[in-house]
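>>> Okay, here's the prediction I keep looking at, along with the sequence it came from:
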Amino acid sequence: MIEEDTAHALDFEALRDAIEGREADLLLGFYAEDAELRVVNGGSADCPVFELKGRSQIEKYLHAVCDQEVACAVGDVDVEEGRISFSEACEYPDGTKVLVRTTLELRGGRIFRQLDVVARQP
């Protein structure tokens, strides 16, 4: 099991299961009340950054993402003090593939800042 080495560790295996299982309500439990989430289009510098602040905004986003028909696998995990980064390889039923590189900053075992860089795969 991959966890931070602190008393208030984030259980990464549970997070991975929630991501791969598209469980929005379980995912929401990993976020701090004042969390921030930014989504950047890695394929175009011209696209605006999508930003959400607070669990209520993040909750709506998680439900929208998790309600999609998509298979995702988490890999390339890197755990540091207060930070976790990983990739999500996602595939939609029409064959479209997307790679998301996620960086989580943690405080007290909860996500308080998240950056997702999204790129379509050929």
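Perfect, I can see it now.
>>> who does the residue sitting nearest the centre point of the chain bridge with?
Computing the C-alpha centroid of the chain and ranking residues by Cα atoms, centre = their mean puts Thr102 first, at 5.5 Å. Thr102 has the following beta-bridge partners by DSSP bridges: Phe86, Asp116.
>>> who touches it in this structure?
85-88, 114-117 (Cβ atoms under 8 Å, 6 or more residues apart in numbering). Heads up, the C-betas are built off the backbone N, CA and C, glycines and all.
>>> same question, Ala73
When contacts are taken as Cβ under 8 Å, 6+ apart, Ala73 is in contact with 20, 88-90.
>>> switch the cut-off to 6 Å
Shown in contact with Ala73 (Cβ atoms under 6 Å, 6 or more residues apart in numbering): Ala89.
>>> the longest helix in the protein is where?
Criterion DSSP state H: the longest helix present in the chain is helix 55-66.
>>> Please report the distance of the residue nearest to the centre of the chain from Glu81.
Per Cβ to Cβ, to the nearest Å, Thr102 is found 17 Å from Glu81.
>>> Also Ala24?
Separation of Ala24 from Glu81 (Cβ to Cβ): 28 Å.
>>> and if you look at Cys90?
Distance from Cys90 to Glu81, by Cβ to Cβ: 28 Å.
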